[in-house]
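Peer 1: model the structure of this input:
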Amino acid sequence: MLDATTRSGGTATASPRAAVTELVVPVSPVPREGLTGRCARALGSPYARLSLLLALLAGAAACVLLFDPQRLLTHGWPPQLGGAAAAGVFAVAYGLCTVAFVPRPLLNLAAGALFGSQLGLATSLAGTVLGAGVAFGLGRVLGQDALRPLLRGRWLKAADGQLSRHGFRSMLAARLFPGVPFWAANYCAAVSRMRWWPFLLATAVGSIPNTAAYAVAGARAAAPTSPAFLIAMAGIAVPALLGSVVAWRKRHHLRSQ
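Peer 2: Predicted structure coming up:
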């Protein structure tokens, strides 16, 4: 308790016994971030993930150059693999090769030459969807955060907006008309806000005509004057011509956005 008021009118100070004891809470020292934590934080940055993506793609391209997939057209499939097992292995190899920038027409021709028109078409479509999904996932996880801030050009913004708002329609057009490289469409879609299922569905549906034409051409390459081979070549040339015309007519629309 406080002492009584002094005669002079002042107030006496509190007695030492009544003083409030301050509670001192011990604060544990903040642990320093170890080397593992710093490395994990550095690898989690957008540009570190983008560098990892570029390193993976460069390594995949180097492996393809060493493997030389063009040998499939000259030496054929390994004899120890046959039937459904060979088709499954080829589909997986097809998908991985597309991620490593191997042109799909070459792979489609090889599928037709090795497995015939029907099985070659099915194998090529399976590899196409697999390769597109792998590329889309890599681009979305490792490259989107670093590349989206770089979309400042007019054409880049227009392409990003088209893929984000009209993903299925835009990707279907890109697959139907062979003017955009397969890998470029995959990584552009990954950087955009396009969803997974429209991307995969548009890839599967839009790749059927062009893939079928190349598979038939590969299966009938031994008879270049046959009607099937000539129809297949027309199926390759006509969409390419139509795609060029459409791209030429749409250039003003892209510039105005």
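
Peer 1: buried residues in the helix ranked longest in the chain?
Peer 2: As assigned by DSSP state H, the longest helix anywhere in the chain is helix 104-138. Within helix 104-138, the residues that qualify as buried are 104-117, 119-133, 135-136, 138, counting by 16 or more other Cβ atoms under 10 Å. C-beta: built from backbone N, CA, C; applies to glycine.

Peer 1: kindly report the same for stretch 47-54.
Peer 2: 49-50, 53.

Peer 1: check stretch 196-211 too.
Peer 2: 198-200, 202-204, 206-207, 209-211.

Peer 1: give the residue spans of the stretch 1-150 of the chain that score low on pLDDT.
Peer 2: 1-44, 68-82, 146-150 (pLDDT under 70).

Peer 1: tell me who's in contact with the residue lying closest to Pro105 once chain neighbours are set aside.
Peer 2: Spatially, and ignoring its direct neighbours in sequence, Pro105 is nearest to Tyr214 (5.5 Å; Cβ to Cβ, 6 or more residues apart in numbering). Contacts for Tyr214 (Cβ atoms under 8 Å, 6 or more residues apart in numbering) come out as 104-105, 108-109, 112, 124, 232, 236.

Peer 1: which element is Tyr214 on?
Peer 2: Taking DSSP states H and E as the criterion, Tyr214 maps to helix 208-219.

Peer 1: tell me what the helix or strand containing Leu65 is packed against?
Peer 2: Per DSSP H and E: Leu65 is located in helix 46-67. Secondary-structure packing of helix 46-67 (3 or more Cβ pairs under 8 Å, 6 or more residues apart in numbering; DSSP states H and E): helix 35-43, helix 83-99, helix 144-147.

Peer 1: related to what we said a few turns ago, and which of the buried residues of stretch 47-54 is nearest to Gly95?
Peer 2: Comparing these against Gly95 with Cβ to Cβ picks out Leu53 as the nearest, at 17.0 Å.

Peer 1: chain neighbours aside, what residue packs nearest to the closest one?
Peer 2: Per Cβ to Cβ, 6+ apart, closest to Leu53 is Leu142, 3.8 Å.

Peer 1: please report how far Phe136 lies from Phe199.
Peer 2: According to Cβ to Cβ, to the nearest Å, Phe136 stands 6 Å off from Phe199.

Peer 1: which neighbours do the two share?
Peer 2: Contact with both Phe136 and Phe199 is made by residues Ala189, according to Cβ under 8 Å, 6+ apart.

Peer 1: I'd like to know how far the closest residue in space to Gln144 that isn't next to it in sequence sits from Ser124.
Peer 2: Ranked by Cβ to Cβ, 6+ apart and with sequence neighbours excluded, the top spatial neighbour of Gln144 is Val191, at 5.3 Å. The spacing between Val191 and Ser124, counted by Cβ to Cβ, is 26 Å.
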